[in-house]
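Q: return a 3D structure for these sequence lines:
(chains A and B)
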Number of protein chains: 2
Amino acid sequence: MTRQELIQQIKKKKSFLSVGLDTDINKIPKHLLKSDDPIFEFNKQIIDATADFCVSYKVNTAFYESRGVKGWQSLIKTFNYLPKDTFSIADAKRGDIGNTSAMYADAFFNPESSEMNFDSVTVAPYMGKDSVSPFLKYANKWVILLALTSNDGANDFQFFGNDDGYLFEKVIRKSQEWASEEQMMYVVGATRGEAFLDIRKLAPKHFLLVPGVGAQGGSLQDVCKYGMNEDCGLIVNSSRAIIYASSEKNFAEVARNEAKKIQQEMEKELLAINF
Amino acid sequence: MTRQELIQQIKKKKSFLSVGLDTDINKIPKHLLKSDDPIFEFNKQIIDATADFCVSYKVNTAFYESRGVKGWQSLIKTFNYLPKDTFSIADAKRGDIGNTSAMYADAFFNPESSEMNFDSVTVAPYMGKDSVSPFLKYANKWVILLALTSNDGANDFQFFGNDDGYLFEKVIRKSQEWASEEQMMYVVGATRGEAFLDIRKLAPKHFLLVPGVGAQGGSLQDVCKYGMNEDCGLIVNSSRAIIYASSEKNFAEVARNEAKKIQQEMEKELLAINF
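A: From the prediction side, this is the model:
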């Protein structure tokens, strides 16, 4: 999906919500455990229920890998069920030396190799340019690079710095030599509030993928106040607050309502910038 | 595997070699393509041929993931074929927020969940403590944290620094608050020669996993000169230089000879420190 197509979807749906399919067998409604593939069955119902209100789905690969081959099968089925007009994110946080990152790119971007063809993958920056570049060789595919994450551990290294700034700022500056805002986004945690101001100075045009609204405590209003740009420039992800809003038989309906609530808040934010 | 058991294996085999199973369907001998699972068949023959000369096998997950479900099946079969007295490394370079890293730990350390039970996993440090800690909850399992990698991109961020040192030094210092040398190792590329001197000042007792000997150009002699400690303290990995030494029918025999050559060099290095 191109940047322009993503912007069009945001305009059409009046939403910049990503629903995170962090699907844990121990948290899904018990009645689903009888189905052949409970993880996929859960995802399918969540996708059907929420597709009107989101522009993106983010699949966290850890939740699937943890279940071995059957988890990988659920992941592939889930990818193939995603509506084609939504922006698909493989939240895999990969990164390795060049020839190995090329294999990871095959895993998520090359359906002939892996049966999956995501629009984007999250990548860890620690190993530098050649760990990121292989993902950029695919036209209209995206790298979403970890910059400032939403967790406590972000403080251990991401704020390591010198007179030129912090590590996460160096990551944002340096990586702009590798790709433009047409192929690169940054992960910035919703728990970071005013840090968005600094980040927007460094990356005014880029889309930011923002996890941490909801269960992790970030505020959508703050994220919009400090992080929005003229193209919206945000994809805000919510996982647990939507998909586990209910563990009863009506879980999908409740998830739909939660997604709709967030979409309505987003619509207000978009109106406020005349988007 | 405990640190003491690893040291015993090194003494017994007079080797600190890890064979890297970076198995690429496009590089294995053509006659294997007829078998049901060419990747596993190749690995099986390489393992049988090299087990006398190495103390460890490192499986790079990217090469398996890139092939989707069938790749994941080959990975599980390969894990389960590894000799139980070798130190097994899932070279996955994972790392995510706490609850997600716990899922990655299940993927590699919990056989009930994933059918795999590796001794260790490589982890990227960018997201800090809570991205690493879930792996440390497993007794006698190891985190091998990326510190100074062997690729060109290492220069982009790992040497970012201030008066207190570089980022990779900060990673080594900080992470010692999370685990001791009984559960933590560091990745240090063989291409880094004298940097081992600095690293040994920060981590005198830790084992270092050293990729980059062979195809990537690192020198075993330099690694030993600057990196060895009184417990050996090194696991030196070679992948392509061993497993792709021949693409003919006798590939396993040629791989065995290459592994033996490296083991003999290692034996000399161990003798030199009276190990």
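Q: contacts and neighbour counts: CA atoms only from here.
A: Will do.
Q: contacting residues for the closest residue to chain B within the stretch 151-275 of chain A?
A: Chain B sits closest to A:G153 of the stretch 151-275 of chain A, with a gap of 4.0 Å, by Cα to the nearest Cα. Counting by Cα atoms under 8 Å, 6 or more residues apart in numbering or on different chains, A:G153 makes contact with B:97, B:127-131.
Q: likewise A:G227?
A: A:G227 neighbours (Cα under 8 Å, 6+ apart): A:196-197, A:200, A:233-234.
Q: which ones among those lie within strands?
A: Among the contacts of A:G227, the residues falling in strands (DSSP state E) are A:L234.
Q: neighbouring contacts of stretch A:206-222?
A: Contacts for stretch A:206-222 (Cα under 8 Å, 6+ apart): A:144, A:150, A:181-182, A:184-194, A:232-238, A:240-241, A:269.
Q: buried ones only from these, please, as a ChimeraX command.
A: Buried residues within those, by 16 or more other Cα atoms under 10 Å in any protein chain shown, are selected in ChimeraX with:
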select /A:144,150,182,184,185,186,187,188,189,190,191,192,193,232,233,234,235,236,237,238,240,241,269
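Q: just the ones in strands from the contacts of stretch A:206-222, please.
A: A:144, A:184-188, A:234-238.
Q: and these, which two are furthest apart?
A: A:M184 and A:S238 (20.7 Å; Cα to Cα).
Q: which SS state does the residue nearest the centre of chain A fall under?
A: Centroid check for chain A by Cα atoms, centre = their mean gives A:K58 as the closest residue, at 4.7 Å. Following DSSP: H, G, I helix; E, B strand; the rest coil, the label given to A:K58 is strand.
Q: was I right about it contacting A:A92?
A: No: between A:K58 and A:A92 there is no contact under Cα atoms under 8 Å: 9.8 Å.
Q: ranges for the helices of the stretch 151-275 of chain A?
A: A:154-157, A:167-175, A:195-202, A:220-227, A:240-243, A:251-272 (DSSP state H, counting those that start in this stretch).
Q: for the record, mean pLDDT for the fifth one?
A: I take that to be helix A:240-243. Mean pLDDT, helix A:240-243: 95.
Q: and it, how far out from the chain middle?
A: 14 Å (Cα atoms, centre = their mean, to the nearest Å).
Q: the fourth one now?
A: Averaged C-alpha coordinates place helix A:220-227 at 17 Å from its chain's average position (Cα atoms, centre = their mean).
Q: report the buried residues of it.
A: A:220, A:222-224, A:226-227.
Q: what's the angle between it and helix A:195-202?
A: 30 degrees (axes from the mean of the first three to the mean of the last three Cα atoms, to 10 degrees).
Q: avg pLDDT for helix A:220-227?
A: pLDDT averaged over helix A:220-227 gives 94.
Q: keeping just the C-alphas, turn it into CSV.
A: As requested, the backbone C-alpha atoms of helix A:220-227 are provided in CSV (Å, rounded to 0.1, in the frame of the first residue of the first chain):
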residue,chain,number,x,y,z
LEU,A,220,-5.2,9.5,22.4
GLN,A,221,-5.8,13.2,22.9
ASP,A,222,-2.1,13.8,23.8
VAL,A,223,-0.9,11.7,20.9
CYS,A,224,-3.0,13.8,18.5
LYS,A,225,-2.1,17.1,20.1
TYR,A,226,1.6,16.5,19.8
GLY,A,227,1.9,14.0,17.0
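Q: returning to that earlier point: would you reformat the contacts of A:G227 as CSV and include pLDDT and distance to chain B?
A: Putting the contacts of A:G227 into CSV (pLDDT from 0 to 100; distance: Cα to the nearest Cα, whole Å) gives the following:
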residue, pLDDT, distance to chain B
A:F196, 94, 18
A:L197, 93, 21
A:R200, 97, 21
A:G233, 98, 23
A:L234, 98, 21
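Q: ok, so of the contacts of A:G227, who is nearest B:N43?
A: Each of the contacts of A:G227 was scored against B:N43 by Cα to Cα, and A:L234 proved nearest at 44.6 Å.
Q: the closest one is in contact with A:I10, isn't it?
A: No: look at A:L234 against A:I10 with Cα under 8 Å: they stay out of range, at 9.7 Å.
Q: intersection of neighbour lists for these two?
A: A:F16.
Q: on that earlier part again, quick one, which of the helices of the stretch 151-275 of chain A is packed in tightest?
A: Most buried of those, by mean neighbour count (mean count of other Cα atoms under 10 Å in any protein chain shown): helix A:240-243, with a mean of 23.
Q: can you pull out the strands in the stretch 1-150 of chain A?
A: A:17-20, A:56-60, A:87-94, A:120-123, A:142-148 (DSSP state E, counting those that start in this stretch).
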